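Asks: take this sequence and fold it.
(chains A and B)
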Amino acid sequence: MKKEKIEEIKKIRVRFAPSPTGPLHVGGSRTALFNYLFAKKNKGKFILRIEDTDIQRSEQKWTEEIIEELKWLGIQWDEGPDIGGEFGPYKQSQRLDIYEKYLKQLLEEKKAYYCFCTEEELEDKRQEQMDRGLAPKYDGTCAHLSDDEIQKKINNKQQSVIRFKIENKKIKFNDLIRGDVEFDAGLLGDIVIAKNLTTPLYHFVVVVDDYLMKISHVIRGEEHLPNTPRHILLQRALDFYQPIYAHLPLMLNADRSKLSKRQGDVALSDYHKHGYLPEAIINFMVLLGWNPGTEKEIFTLSQLAKEFSIEKVQKAGAVFNIQRLDFLNGFYIREKPIEKLTELCMPYLKEAGLLVIGQMTQSKLQEVVEISKTRMKKLSDIVELSDFFFKDKLQFDKELLRWQKMGDNEVKEALMMAEKILSEIKKWDIKQMETEMFSASEKFNLEKGYPEKNKGYLLWPLRVALSGKNMSPSPFEIANILGKEKTLKRIENAIKLLA
RNA sequence: GGCCCUAUCGUCUAGCCUGGUCUAGGACGCGUGCUUCUCAAGCACUAAACCCGGGUUCAAAUCCCGGUAGGGCCA
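Replies: Numbering: from 1, shown residues only, chains lettered A, B, ... in the order given. Sure, this is the predicted structure:
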């Protein structure tokens, strides 16, 4: 490589270059994360470039969504798409004149040519090659057209594309993750790099932009591995330096196919909406294909920025295992300061119509979240776990009140006993309630001939009366938050159910 | 079909480069127990893997060769 070319890639610059044709994919998020971490670790720059040359499918709203979700994750970029830098603009739709210039250059140097073959002709050729047992590739028919012929066809408004001449040679390169990789470019066939001078295609724009933006390392998904020889050939034809490549292992479905919709959510925004925390998602994604080589498994983004190393990235694809994400998310939920967690839960409670402004004090709300949080895997779980605190009247089947083989009357007696004790209690706090109810339980069991140690006879009906659920926090925790008045009311309502 | 990539518990992985310390370690999940009115959380414990076949070597998860399987891309 020429000396000045090496100079150009001395500074570490990486990029994430999504197409705004849909929501940000979790796979894409992970690619962004790895690029970001690589940049941070090596004191380089991380660039966000929007690949929106496909105007048919690109939409501004997706660009906005990508930006929003990346911000949410805490992945910050140094340049693009609206943050200035000397290499902008960072939206490809605003760089069309640049591509045109290079396209013309290739055309003039006869490294690219106009191709007028129609879809049908190409399909026929393809079919024929397949029949002969050959790998289908463009046969180069239009590569030999004279300038006059080309001009005539263009004047006739004949449909055309621009093809790049692929040299018939072996392309070898070193991938940071995979080591030496070799492709036989002779098998490729001349590729289409633009529909016309103002409509360049993916392979071409990527190469041009990575060069102009002085990208030192191209870190992308493994699905791009077969594209690399094409890009290298393009770089050589344009006299560009060759960046260093690193192809990340894919994120997989449970059946080991490339992660796709239908087997679960793939849009990062879906996970966001369901109440996954960015900390959990980051931690989960980074461990899919990377590990520090120690037994540490919990990482914050800033720790990762220090500890990440691309050499430790795995070669094989990794199955997206939602149970692990759930575990991590539950972990981070439990770690959250209660004020923060409460704040995060509020939108879900409001959306469910449970939380009406002014109905509950902030400190009460925090107590509700506090006793629910060990059961939460996602923020949205708060609704299901705590709805009974917000409702006036609980709906549940009276059968639920029954502990083991108790009869209706015995359940009723248990509730009446609980009501009596709680109504006479001096101090409305958990400790006090526990002490009084536990001793009452022993008395109750003795009277009824129940096993002495089983507190369920007294406590289960009470807990159900207060929560309306077969699983919930303890009746004392609930009663403590509900307050005496509501607690007694709920017990009475349960008793009525049995009448 | 062609090219390329990959291969350790169900899953994510450590170990492989620099063979012996590997009766293969950790985590999630599963199971059991403790705690316990229930469900969680927490704690403790259990089960669970070197894709197959050759070779090299005193010794191979680790090195070499050949299969097999899975995946990606192109069409």
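
Asks: chain neighbours aside, what residue packs nearest to the closest residue to RNA strand B within chain A?
Replies: Proximity of chain A to RNA strand B (C-beta to the nearest atom of the strand) peaks at residue A:474, 2.6 Å away. Bear in mind the C-beta positions are built from the backbone N, C-alpha and C, glycine included. Ranked by C-beta to C-beta, 6 or more residues apart in numbering and with sequence neighbours excluded, the top spatial neighbour of residue A:474 is residue A:463, at 6.9 Å.

Asks: what's the helix or strand hosting the one you found packed up against?
Replies: Using DSSP states H and E, residue A:463 falls within helix A:456-467. If you count contacts as 3 or more C-beta pairs under 8 Å, 6 or more residues apart in numbering; DSSP states H and E, helix A:456-467 packs onto helix A:408-424, helix A:430-448, helix A:475-482, helix A:484-498.

Asks: most packed of the ones you listed?
Replies: Highest mean neighbour count among the helices and strands packed on helix A:456-467 (mean count of other C-beta atoms under 10 Å): helix A:475-482, with a mean of 22.

Asks: quick one on the thing from earlier: what's the local residue count around the residue of chain A closest to RNA strand B?
Replies: By the measure other C-beta atoms under 10 Å, the count of residues near residue A:474 is 17.

Asks: run through the helices of the stretch 301-450 of chain A in chain order.
Replies: For the stretch 301-450 of chain A, the helices defined by DSSP state H, counting those that start in this stretch cover A:301-307, A:322-335, A:338-351, A:362-372, A:381-390, A:408-424, A:430-448.

Asks: actually, the stretch 151-300 of chain A.
Replies: A:202-212, A:228-237, A:268-274, A:278-287.

Asks: please report phi then psi for the closest residue to residue A:15 other than its chain neighbours.
Replies: Nearest non-adjacent residue to residue A:15, counting by C-beta to C-beta, 6+ apart: residue A:47, 4.1 Å away. Phi and psi for residue A:47, reported as degrees, to the nearest 10, are phi -110, psi 140.

Asks: tell me the bridge partners for residue A:47.
Replies: residue A:15, residue A:79 (DSSP bridges).

Asks: ok, residue A:79 touching residue A:44?
Replies: No. Counting by C-beta atoms under 8 Å, residue A:79 does not reach residue A:44; the two are 11.4 Å apart.

Asks: chain center to stretch A:450-460, what's the gap?
Replies: Centroid separation for stretch A:450-460 versus its chain: 47 Å, with C-alpha atoms, centre = their mean, to the nearest Å.

Asks: CA atoms only: put that stretch into CSV for me.
Replies: Backbone C-alpha positions of stretch A:450-460 (Å, rounded to 0.1, in the frame of the first residue of the first chain) are rendered in CSV as follows:
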residue,chain,number,x,y,z
TYR,A,450,-55.4,-27.3,61.2
PRO,A,451,-51.7,-28.0,61.1
GLU,A,452,-50.2,-25.5,63.5
LYS,A,453,-47.4,-24.2,61.4
ASN,A,454,-49.4,-23.6,58.2
LYS,A,455,-50.2,-19.9,58.1
GLY,A,456,-52.1,-20.3,54.8
TYR,A,457,-55.4,-20.9,56.5
LEU,A,458,-55.5,-17.4,57.8
LEU,A,459,-53.2,-15.6,55.4
TRP,A,460,-54.2,-16.9,52.0
